[in-house]
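Engineer: Just a sequence and a predicted model for now, questions to come.
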Amino acid sequence: MYRFEDETYDLVRCRCGFVYVNPRPDGASIARMYDDADYYTHGYNLGVETQNYFERRDELIAQYERTARDLASEVGGAGDLLELGSAGGFFLEGARRAGFRVRGVELSPQAYAYSRKELGLDVYHGQLEDAPFPPASFDVAYADNVLEHTTAPDAVLERLRDLLRPGGHLVVIVPSYVNSIYFRGLLAAQAIVPRKLLGEQLAGILKLDPRGHSGSPYHILEFDRSTLATLVRRAGFRIVRIEASVPFPGHLFRDPRPSPKVRLLRGVFRSLDRAMRLGLLPGARIRLVARRSDGAANGEPRPRAG
C-alpha cells in the first residue's frame, strides 16, 4: 500500500474492523516523514488537495474561522482550546478570531516554526505526552485528521481527557476511506475501472496509484465508526454525536469553468456526501464529538483503553 525510503508497508484489517499499517514505522521514520516539505502539498489533507497548504493561508483561516464559530455554538461557547496536530496554525488562528483562547501541539518543525513566527501562536513542538500543560487546562480538545497518525491512540485520547476540564468537549475527525466498502470495491474493480475517466489526480486520491503504492504511510491507523467510538468511550468520554461525510477533492471544485467530466464527478461526490450525512451510506470521513466523562470523580471506576 505504501512506500517510504526503502521500506514497503502493507495494510492489515483486524476482524474487529480496525486497520493498521504493517510494519509500523518507528519514531525516527515518522519524524523524517513530517520533516519533508512535500508533505504540505501531497499529504496534509487526506491526499485530496494538491495545492500547497501554506499557499492557501487566507482561504483556510477564513474557512476555519467559520468552522470555529460553529464549534462554539455546538459546545456552548468559546473557551480554552487545544489543537493536537496544529500544522501551520491556520485552524488555531481561525479559532482565535472566533473568540477561543488557543494553544497547539505540532510535530513538524517547519509547521511549528511557521505558526510561531508568522502567526504568533502558542504552540508546543513535540509529542503531546511531553507538552507542559497542567491537567484540566482546556474546554475543547480538537484533533482533525491526526489520530490516524499516532502509534498509541488510546494513550493520546486519555491524555486529552486529562487536559480537559469537567464537561469539556473532544472533537475528533478521522478518515475512514481505506477501511470502507468503497476502497475494497475499487481494489476489486481496478482492473476494469477506466483510468482516463478518473484522471491521474483522482486515481491517486482513491489510492489506485499505478506505481503500486500510495506514498508514505502517514496514516498508521484507520478507523471505522465502531472502532473509533469504542476507543473514545474507553478513554473516558461520553459520545455526543458521530457524523459521516466525504472530503471533496480540491482540484475538482476549484475550477470556475468545469468540463462535463468534472461536473459529473462533482455530482458523484456531492451525492455521496449527502447520503453519508443522512446515514444512508458508510462515511469516508468520520467526525465525532464527545464530552469528558466524570464518573471517576463520583467514585465510579474510570474505563481504560486496552
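Structural biologist: Thanks, I have it.
Engineer: could you say which helix or strand contains Pro274?
Structural biologist: Heads up, residue 274 is Arg, not Pro. Assigned by DSSP states H and E, Arg274 belongs to helix 260-277.
Engineer: Tell me which other helices or strands that helix touches.
Structural biologist: Secondary-structure packing of helix 260-277 (3 or more CB pairs under 8 Å, 6 or more residues apart in numbering; DSSP states H and E): helix 195-205, strand 237-245, helix 250-253. Backbone N, C-alpha and C define where each C-beta goes, glycine included.
Engineer: switch to 6 Å and redo it
Structural biologist: Applying 3 or more CB pairs under 6 Å, 6 or more residues apart in numbering; DSSP states H and E, we find helix 260-277 packed against strand 237-245, helix 250-253.
Engineer: The ones you listed: which one's closest to Ser108?
Structural biologist: Ser108 sits nearest to helix 250-253 of all these, at 20.5 Å, using CB to CB.
Engineer: How far off centre is that closest one?
Structural biologist: For helix 250-253, the gap between its own C-alpha mean and the chain's C-alpha mean amounts to 19 Å (CA atoms, centre = their mean, to the nearest Å).
Engineer: The nearest residue to Val178 once chain neighbours are set aside - how many residues pack around it?
Structural biologist: Leaving aside its chain neighbours, Val178 sits nearest to Glu222 (5.3 Å; criterion: CB to CB, 6 or more residues apart in numbering). Residues contacting Glu222 under the criterion other CB atoms under 10 Å number 24.
Engineer: can I assume Glu222 is in contact with Gly17?
Structural biologist: No. Taking contacts as CB atoms under 6 Å, Glu222 lies outside contact range of Gly17: 9.9 Å.
Engineer: Could I get the full set of helices for the protein?
Structural biologist: Secondary structure of the chain (DSSP state H): helices at 27-34, 39-42, 57-75, 90-97, 109-119, 153-163, 181-189, 195-205, 225-234, 250-253, 260-277.
Engineer: for the stretch 101-250 of the chain, which spans come out with low pLDDT?
Structural biologist: Across the stretch 101-250 of the chain, the ranges flagged by pLDDT under 70 are 179, 184, 186-214.
Engineer: Grab the most central residue of this protein for me.
Structural biologist: Centroid-nearest residue in the chain: Asn145, 0.8 Å away (criterion: CA atoms, centre = their mean).
Engineer: which one is that residue nearest to, not counting chain neighbours?
Structural biologist: Spatial nearest neighbour of Asn145, chain neighbours left out: Ile173 (5.8 Å); criterion: CB to CB, 6+ apart.
Engineer: wait, what's in contact with that neighbour?
Structural biologist: The neighbourhood of Ile173, defined by CB atoms under 6 Å, 6 or more residues apart in numbering, consists of Asp144, Asn145, Arg287.
Engineer: so Leu121 sits right up against Gly89, yeah?
Structural biologist: Yes. Using CB under 6 Å, Leu121 is in contact with Gly89, at 4.5 Å.
Engineer: what do those two both touch?
Structural biologist: Taking CB under 6 Å, 6+ apart as the contact criterion, the common neighbours of Leu121 and Gly89 are Ser115.
Engineer: More neighbours: which of the two?
Structural biologist: Between Leu121 and Gly89, counted using other CB under 10 Å, the more crowded position is Gly89 (29 against 22).
Engineer: so what's Glu129 up against?
Structural biologist: The contact partners of Glu129, by CB under 6 Å, 6+ apart, come to none.
Engineer: quick one: it and Arg161, what's the gap?
Structural biologist: Look at Glu129 and Arg161: by CB to CB, to the nearest Å, they are 13 Å apart.
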